[in-house]
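**Student:** only geometry, no sequence info:
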């Protein structure tokens, strides 16, 4: 064992782990990707012959402390999927089609099981979303991360026709707001959820609270963040014009909706318009959290909000059903100053 | 104070910190960038009218445990610069011109001073490299990071003409290897350096070991990773054809050179061909590290290696001098099987 390994950085192990990557990543590609594992950077052709003025859309994000649940459950694949899907949604709400993805895994000490699990999840989600997994980095950082802990960061790059960029500027008073059902917490609010469920209420991940209908708390908390980008692509193919879209993540309804509202619009969201998944009620009651704070921290069952002419609502709801997605008309746009009113 | 803040996630503070960003980032842009702070993703026009077959080159990386030195020194700006410069080099060695950058800051608890310092460093390095700082994410993750610690991850995207991609395939027996001087450790080998200097030898960051000629250990260890991409762009403008280039980072000479060598080539590197900065001698002697391991872990004073026809060496050395860069002819390519021989 060399001195570097003794100081906590094992280059041999890193090399062995990387050797298995090409097979794992075989399906996580798409036309345009020219990359190969081992190069300093990943390659993707910037030719979009069907577009007049192509614009790249890029976003970088993590999965938050959902990672702590994954580490405690020793289930690593789903957080890999979460990361890809979360990133896809962030650019899908701007109208973009995802093209390629890169990942970063920061660790205290390399754990081969965590590495393989995370990479398998990333590859699976990329293959499902037809996104090329173009590159990544695994950093061994003894002293920064606690033993067994790690952070997981992803970058997505997609493309959109400049005129079709969805920035909310087409939203107008009278528009309908359609909510697409989430699978649960997605990747937000885990610090509060963990504090309430595990620290204050001493529940275990293996607990099966009555409210969850048979599922364990751990399984419920690890449910995979849904990727809505294939559905948004389907709406584009159907010629349905969205006026805006909002990924309900950190900051909840208020922050994520107000950031895309034009200056003279406000949003009214009816809280009784969709069924709130039981995990949120469990957190609210066990933690004595106000309804207002619940909607500021969590998605409450709505992973994505679409803004569109009310006349387009029926066809969007039908399209969602065909996609196996539950969708609800959750509110409307009124005159105002970018406020989000939950009623 | 709401419950989310009590669980360790302070959305109000995050919003206040973000409010200062637009002014800070004003100069960190370039033509093509359409992004605005607050959107779900950053925008960059994918039109490269002077290129026949443009290819995007993307890379994602961190700065390793150099962060621990920055945290202990409470100097955050330089690691921001390190991150941008490191990422630029990773795609410059593939022939690419950097276009835009995104950052991720993962923390246990948000520290406004660290946030401002890091962002100022990122913005400064982006402005210097004419790279657009297109977006970023700051994650509050209580329970994953230790108090005061954070991780810093960056993604760079650049563009290269497909025929000009530098993948090493043009390297041939007889080529010269030119080394470009580093400023010090850059962003590699800090776990070993810290283990030797601080844990085993009980040195302090404020120490001024004789060998360092008056500088403190902390200052020397925080010297900024040099960005070679402007110099490589200058060589392209001069019409100098590189056969390959290698960023000497994690894995040192062996790993970073062998990954670009064609199957029938090997590299001979003469260790006495350049002056090794004193910090490396200090680490080697205080840690009793073998010469072989030093070259596997550290850059030893060579931040980037260029592969080119020996006839082009004089003009490259002259160009480097004009750029204020020290450059050395450090070896040559011979027939072999991708081995890197340090002699």
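**Tutor:** Sure thing, it's come through. Note that the coordinates shown come from a computational prediction; the quantities given were computed from them, not determined experimentally.
**Student:** switch to C-alpha atoms for all contacts and neighbour counts from now on
**Tutor:** Will do.
**Student:** how about low-confidence regions in the stretch 1-150 of chain A?
**Tutor:** A:1, A:35-38 (pLDDT under 70).
**Student:** all strands for it, in order.
**Tutor:** Secondary structure of the stretch 1-150 of chain A by DSSP state E, counting those that start in this stretch: the strands cover A:42-45, A:54-62, A:97-107, A:132-140, A:150-161.
**Student:** and of the ones you listed, who's closest to residue B:313?
**Tutor:** strand A:42-45 (28.7 Å; C-alpha to C-alpha).
**Student:** give me the angle between the biggest helix by length in chain A and strand A:97-107.
**Tutor:** Longest helix in chain A, counting residues (DSSP state H): helix A:112-129. In terms of direction (axes from the mean of the first three to the mean of the last three C-alpha atoms, to 10 degrees), helix A:112-129 departs from strand A:97-107 by 170 degrees.
**Student:** who touches helix A:112-129?
**Tutor:** Helix A:112-129 is contacted from outside by A:17, A:24-25, A:27-29, A:74-81, A:83-85, A:98, A:101, A:132-133, A:227, A:229-230, using C-alpha atoms under 8 Å, 6 or more residues apart in numbering or on different chains.
**Student:** mean neighbour count and distance to chain B added to the strands of the stretch 1-150 of chain A, as a markdown table?
**Tutor:** Formatted as a markdown table, the strands of the stretch 1-150 of chain A follow (neighbours: other C-alpha atoms under 10 Å in any protein chain shown; distance: least, C-alpha to the nearest C-alpha, whole Å):
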| stretch | mean neighbour count | distance to chain B |
| --- | --- | --- |
| strand A:42-45 | 24 | 4 |
| strand A:54-62 | 28 | 4 |
| strand A:97-107 | 26 | 7 |
| strand A:132-140 | 24 | 6 |
| strand A:150-161 | 25 | 7 |
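**Student:** looking at those strands, which is nearest to residue A:69?
**Tutor:** Nearest of the strands of the stretch 1-150 of chain A (C-alpha to C-alpha): strand A:150-161, 11.8 Å.
**Student:** what's the first helix or strand after that closest one?
**Tutor:** Per DSSP states H and E, the first helix or strand lying C-terminal to strand A:150-161 is strand A:176-181.
**Student:** sheet-wise, list the partners of that next one with their directions.
**Tutor:** According to DSSP bridges, strand A:176-181 has the following sheet partners: strand A:302-308 (antiparallel), strand A:327-335 (antiparallel).
**Student:** which one of the ones you listed is the most hemmed in?
**Tutor:** strand A:302-308 (a mean of 27; mean count of other C-alpha atoms under 10 Å in any protein chain shown).
**Student:** avg pLDDT for that one?
**Tutor:** Averaged over strand A:302-308, pLDDT sits at 98.
**Student:** outside of that strand itself, list whatever touches it.
**Tutor:** Identification of contacts with strand A:302-308 by C-alpha under 8 Å, 6+ apart yields A:171, A:175-183, A:186, A:226, A:228, A:241-249, A:257.
**Student:** could I get the contacting residues of the residue positioned nearest the centre of chain A?
**Tutor:** The centroid of chain A falls nearest to residue A:86 when counting by C-alpha atoms, centre = their mean (1.6 Å). Going by C-alpha under 8 Å, 6+ apart, residue A:86 touches A:61, A:63, A:187, A:225, A:226, A:227.
**Student:** what do you get for residue A:231?
**Tutor:** In this structure, residue A:231 makes contact with A:320, A:323, judged by C-alpha under 8 Å, 6+ apart.
**Student:** go with 10 Å
**Tutor:** Neighbour list for residue A:231: A:92, A:237, A:316, A:319, A:320, A:322, A:323, A:324, A:325 [criterion: C-alpha atoms under 10 Å, 6 or more residues apart in numbering or on different chains].
**Student:** cool, and residue A:80?
**Tutor:** Applying C-alpha under 10 Å, 6+ apart, the residues contacting residue A:80 are A:63, A:67, A:103, A:115, A:117-126, A:152-154, A:224.
**Student:** pull out the buried positions in the longest helix of chain A.
**Tutor:** Residues of helix A:112-129 classed as buried: A:114-127, A:129 (neighbour count, 16 or more other C-alpha atoms under 10 Å in any protein chain shown).
**Student:** may I see the buried residues of stretch A:67-79?
**Tutor:** For stretch A:67-79, burial by neighbour count (16+ other C-alpha under 10 Å) applies to A:67, A:68, A:69, A:70, A:71, A:75, A:76, A:77, A:78, A:79.
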